[in-house]
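Enquirer: this one's structure only:
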């Protein structure tokens with residue numbers, strides 16, 4: 001027996017004992033084992049690029065949210081953005097854990113996009129609402145300023 005055989009991370013069972021198969025079934029969401037074939041390079045690259053795009057979008061929304069919170073945001077703003085971002089991160093992470101499956105990672109990555117798009121929409125809509133309110137209050141601010149023109 002070699003050192004590699006002694007350090008196996010998974011146990012193999014026979015089909016004669018179906019109970020041991022169900023107890024040892026690692027499930028869909030798991031880290032790939034050494035026995036799993038490696039995913040294709042193109043598959044891994046596309047998943048990584050898609051995950052990176054979602055992640056950078058989330059960072060952008062987060063930075064946008066920090067600026068908005070310091071400028072005065074309602075109490076629901078930050079928890080909602082956090083929830084939407086979490087609903088995008090979880091399927092993305094699950095897609096990488098299910099990379100050995102055929103179609104599941106793609107469905108998970110597709111499911112991760114709408115919550116992130118909603119987070120972007122909430123962040124932009126709230127900022128636009130504040131900008132409109134500020135622009136509407138501009139004439140009253142200008143008239144209340146003590147700018148007098150000499151005759």
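Expert: Good, I have the coordinates. The structure presented is a predicted model; accordingly, all values stated were derived computationally and were not measured.

Enquirer: Roughly how far does residue 98 sit from residue 55?
Expert: Here the criterion is CB to CB, to the nearest Å. By it, residue 98 lies 18 Å from residue 55. Placement of C-beta: from N, CA and C, glycine included.

Enquirer: Residue 95 now?
Expert: From residue 95 to residue 55 the distance is 12 Å (CB to CB).

Enquirer: do residue 106 as well
Expert: Using CB to CB, residue 106 is found at 17 Å from residue 55.

Enquirer: Hmm, residue 118 is touching residue 84, no?
Expert: Yes. Between residue 118 and residue 84 there is a contact under CB atoms under 8 Å: 5.2 Å.

Enquirer: who has more neighbours, those two?
Expert: Remark: of residue 118 and residue 84, residue 84 carries more neighbours, 22 against 17, as counted by other CB atoms under 10 Å.

Enquirer: What is the burial count for the nearest residue to the more buried one once chain neighbours are set aside?
Expert: Leaving aside its chain neighbours, residue 84 sits nearest to residue 119 (3.9 Å; criterion: CB to CB, 6 or more residues apart in numbering). For residue 119, the neighbour count with other CB under 10 Å is 26.
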